[in-house]
Structures are given as C-alpha cells and as structure tokens.
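**Student:** sharing a model that was predicted from the sequence below.
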Amino acid sequence: MKRGLWYKATVRDRNGKVLSCENRRSRSMLGNWYRILYAHMASTSTSLVHTSGNSWGVINFGDNWKFVAAANEDYIGIVIGTGVAAVTIDDYKLESQIMQGTGSGQMRHLASTPSWPSVAGSSCDFLTSRTFLNNSGGPITVRESGIYCRVKGPTYYGYACIVRDVLATPQDVPDGGSITIDYTLRITA
Amino acid sequence: MKQRMKIKEGLSYEVVVRDRHGKVLERIAAPSRSYARAWNQCLYVLNRHTGYTITDTSGTGQYISVSSSVLRANAGVGEIGYGIRVGKGTTPVTINDYALEAPCGEGTGPDQFLHQATSASSPAVAGPDCSFWLRRVMVNNSGSTISGIQEIGCYVMMKYSPAHYGLGYRDVLPGPVYIPDGGSITVTYTLKVTV
C-alpha cells in the first residue's frame, strides 16, 4: 500500500482555454506536517515555526491542520509564489508568496474547494483545489505552491506551512487568466 | 529552475520479540504498506474542519467531528481501544480494512497480552529527515507461548466521548512470530519524511 501527495497546476486564459498543465507527484510534505501529526498522535505539544517566523509551537487541538480557506484569504489553504529555492525539511513558508489583490504581482485568491474522500478501486483519496485569478494588469509567473494550515501553539494561534513544491515548469499566467492548483492526498492498496 | 531534491514520505515498522530475560529472539524491520482508509478520512476531517462518517474498529459507521482527539494514539496501560495492536490475522491489507483481522486482547488468558502504554518520541530533524516513532510493548503472561502473531497495526482515536476508534494502519508480517511465556513483543512504527 502506498501513500502520497500529488499536485496539478492548470493555467487558463481569460476565456477559460487551458494554456498549460503540470501534473506530478508532490515532493513536499514538510517537517511541520509531521510535527502536527505528532502533536495529535501523542496528544502533546512540540516545537514548530509558524509562517510568521515565530517559534510558537503546536499543541494537540481540533483546529490544527485546517486548510479550507475562504476567498481572499492568503494566509491559509493552498498558496502560490514565485520562489525557486529547493525545498528543505524545515521550510516554514513559501520563499516568495504571491499575495491576495489586484496590484502588481498579486492574484485574487478564490475559496478552496475540498472534495469528499472517495474510494475507487484500491485507492482512497481526497482533493483540495484552489483557483487564483490574475487581475494585476500584467503576466505573473508562478514557480512554487504549497499549503498553509491553521495551528495552535500553547499561547498563540497561527499558520504553518505543511507542503511546498517548486513547479517543474514555471507557469505563466496571463493578465485575466487563472491558475488552479489541485492537491490530492491518496492511499493506494 | 527545477527542484533538485527529492522528498520521500513514509512509514516503517520494527518488531522485536524478547524472552523473559530480555534476550532478543527475533527482529523484523520493513517498510509499512498499510495506511488505511480511515486515516485519510481523519485527515480530511481535520483539513476541511468538518464532520464525516468513518467506519470504526467495530465495523460501524460513526460521525466524526473535528476535535483534538482525532488521530490520538497514546493509549495508556491496558487500553486496547487505541494505540498499537498485534493479532493473528494473515489476510493481506486492503483499502477497506477497518480493524486488525484477529487482534489479541488484553489480559493474561490464552492469546492475550498485557499492553503497556503506547509511547512516542518527539519529532527530530537529522540531516534531511524529520521523523518520530510510536512504540508499544506487549507482555505475554498467559502461561504459554502465543504463536502465530502475524499482523500489527495502530488504532487511532476519532472521538473521545463516546469513544470511537479507527484503523490508522495495518501490516501483515512476512511470517508468524512466537512470543514465549514471560516474553514480550515490541512494535515500533516510525513516521518519516526525507528530503
């Protein structure tokens, strides 16, 4: 039985025409994924660096791991950026995140849309998807993606980067176009 | 620029059998092949921050909501509702497994073990790895050898009250192991991601 994470990046123009698509196995569960998992399985707390850069840790808490995100929220859910630095085990944020907005280098973040877990054949998977619209007035090249989730430390709430990928091919998103990132967590017998 | 480092994520296990003096009689270590459906469903509950019906270890669908209890595995002494378990089943793992096939119970009767607490190490980063382990010792005070132990796994809590448990992962060993009277079996699962 195998377990893994896959991502798919799909770029469309302003008319919805698909311009490019990259679909491959994610290489990017980070140390923070396991720190949160440990906090839950051992019902305890452990150290963890939040996306803010603060070492606020994580405790066992129901809000942990939440990465469903509403529109405009660029601090949680699937996120994208322009960084190209190779992934390291202790990455705690994207290298250079594309923020919410319509200004230069910004993209509009739509809500993330998780699907129900499904069993098909010998696999069980669930998918989380998010679309980003480029209304900045110029093209934007997306080079990295990831997932930020909510975490609670002993004192402070915050957010943790639990997944990060550097795209194999930089994805050019034209003005008026969009990029959709799908992450699928799958177990296969 | 292409990403040059490859990250691997995995689960592995080690089984150690000892006699009453602590002498190691057998040691098996292998990659686990065994995350079960309920594991992904528990992650879904946490990730989406929602509720979902998940089959518990009794085979009954239970509505599980977000809580700090989801995925908890640090069972105390004698608690067999969750934590690492062993059994005598030999059926290969399938995606729809919801429990061990023939789990050994708690006690000193035939085919029963005294389950010690499930312990966990803190996550450690060593070079490109981040990992932690879960471990449980089960002691055979049944008065005779317990033979044919061939499956191991980990039950996780899904709800605290009323308590519901799910199968996190299950493995079938390459062959049966035998635990002599007074001896023990120690199962360690290591969860690791490697850059």
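**Tutor:** Thanks, I have the structure now. Just so you know, these numbers come straight off a predicted model, no measurement behind them. Numbers count the residues shown, from 1 in each chain, chains lettered A, B, ... in the order given.

**Student:** please name every helix or strand in contact with the lengthiest strand in chain B.
**Tutor:** Longest strand in chain B, counting residues (DSSP state E): strand B:164-179. Contacts defined by 3 or more Cβ pairs under 8 Å, 6 or more residues apart in numbering or on different chains; DSSP states H and E place strand B:164-179 against strand B:8-18, strand B:24-31, helix B:37-48, strand B:61-64, strand B:146-159, strand B:184-194. C-beta coordinates here come from the backbone N, C-alpha and C atoms, glycine included.

**Student:** quick one, which of the ones you listed is nearest to chain A?
**Tutor:** Across those, chain A has its closest neighbour in helix B:37-48 (3.9 Å, Cβ to the nearest Cβ).

**Student:** beyond that closest one, next helix or strand please.
**Tutor:** Heading C-terminal from helix B:37-48, the first helix or strand you meet, by DSSP states H and E, is strand B:52-55.

**Student:** paired strands for that following strand, with orientation please.
**Tutor:** Using DSSP bridges, the strands paired with strand B:52-55 are strand B:61-64 (antiparallel).

**Student:** show me what the residue nearest to the spatial centre of chain A bridges to in the sheet.
**Tutor:** Note on chain A: the residue nearest the mean C-alpha position is residue A:147, at 2.2 Å, using Cα atoms, centre = their mean. Per DSSP bridges, the residues bridged to residue A:147 are residue A:78, residue A:163.

**Student:** one step back: possible to save the helices and strands packed on strand B:164-179 as CSV with mean pLDDT?
**Tutor:** Output for the helices and strands packed on strand B:164-179, formatted as CSV (pLDDT from 0 to 100):
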stretch, mean pLDDT
strand B:8-18, 89
strand B:24-31, 96
helix B:37-48, 93
strand B:61-64, 97
strand B:146-159, 97
strand B:184-194, 93
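
**Student:** between those, which one is closest to residue B:112.
**Tutor:** Of all those, strand B:146-159 sits nearest to residue B:112, with 8.1 Å by Cβ to Cβ.

**Student:** relative to the whole chain's centre, how far out is the closest one?
**Tutor:** For strand B:146-159, the separation from the chain centroid amounts to 5 Å (computed by Cα atoms, centre = their mean, to the nearest Å).

**Student:** wondering if that strand reaches chain A at all.
**Tutor:** Yes. Under the criterion of Cβ under 8 Å from any Cβ of the partner chain, chain A is reached by strand B:146-159 at residue B:156.

**Student:** please identify the buried residues of that strand?
**Tutor:** When burial is assessed from 16 or more other Cβ atoms under 10 Å in any protein chain shown, strand B:146-159 yields the following buried residues: B:146, B:148-159.

**Student:** would you turn these into CSV with distance to residue B:173?
**Tutor:** Output for these, formatted as CSV (distance: Cβ to Cβ, whole Å):
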residue, distance to residue B:173
B:146, 14
B:148, 10
B:149, 7
B:150, 5
B:151, 7
B:152, 7
B:153, 11
B:154, 15
B:155, 18
B:156, 21
B:157, 25
B:158, 26
B:159, 30
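
**Student:** which members of the residues you listed are the farthest-apart pair?
**Tutor:** So, these by Cβ to Cβ: farthest apart are B:148 and B:159, at 32.4 Å.

**Student:** what are the buried residues along the longest strand of chain B?
**Tutor:** Residues B:164-173, B:177, B:179 are the ones in strand B:164-179 that count as buried (16+ other Cβ under 10 Å).

**Student:** then it to PDB, C-alphas only?
**Tutor:** Presented in PDB, the C-alpha positions along strand B:164-179 are these (Å, rounded to 0.1, in the frame of the first residue of the first chain):
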ATOM      1  CA  HIS B 164     -14.800   5.700  18.800                       C
ATOM      2  CA  TYR B 165     -11.600   4.400  17.300                       C
ATOM      3  CA  GLY B 166     -10.400   3.800  13.700                       C
ATOM      4  CA  LEU B 167      -7.700   1.800  12.000                       C
ATOM      5  CA  GLY B 168      -4.800   4.100  11.100                       C
ATOM      6  CA  TYR B 169      -2.500   1.500   9.600                       C
ATOM      7  CA  ARG B 170      -2.100  -2.300   9.400                       C
ATOM      8  CA  ASP B 171       0.600  -4.600   8.300                       C
ATOM      9  CA  VAL B 172       0.900  -8.300   7.800                       C
ATOM     10  CA  LEU B 173       4.300  -9.700   8.800                       C
ATOM     11  CA  PRO B 174       6.300 -11.800   6.300                       C
ATOM     12  CA  GLY B 175       5.900 -14.700   8.700                       C
ATOM     13  CA  PRO B 176       4.500 -15.600  12.100                       C
ATOM     14  CA  VAL B 177       6.300 -14.800  15.300                       C
ATOM     15  CA  TYR B 178       6.100 -16.600  18.600                       C
ATOM     16  CA  ILE B 179       6.200 -15.000  21.900                       C
END
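
**Student:** centre-most residue in chain B?
**Tutor:** Geometric centre of chain B, nearest residue: residue B:154, 2.0 Å, by Cα atoms, centre = their mean.

**Student:** list the contacts of the closest residue to that one other than its chain neighbours.
**Tutor:** Leaving aside its sequence neighbours, residue B:154 sits nearest to residue B:168 (Cβ to Cβ, 6 or more residues apart in numbering or on different chains; 4.4 Å). Taking Cβ atoms under 8 Å, 6 or more residues apart in numbering or on different chains, we find residue B:168 in contact with B:35-36, B:38-39, B:42, B:71, B:73, B:153-156.

**Student:** same check, this time on residue A:28
**Tutor:** By Cβ under 8 Å, 6+ apart, the neighbours of residue A:28 are A:5, A:87, A:146, A:163-165, B:7.

**Student:** from those, which has minimum pLDDT?
**Tutor:** Lowest pLDDT of the contacts of residue A:28: residue B:7, 50.

**Student:** for residue A:125, give me its contacts.
**Tutor:** Taking Cβ under 8 Å, 6+ apart, we find residue A:125 in contact with A:117-118, A:184-187, B:40.

**Student:** repeat that with 7 Å
**Tutor:** For residue A:125, the contacting residues are A:117-118, A:184-186, B:40, by Cβ atoms under 7 Å, 6 or more residues apart in numbering or on different chains.
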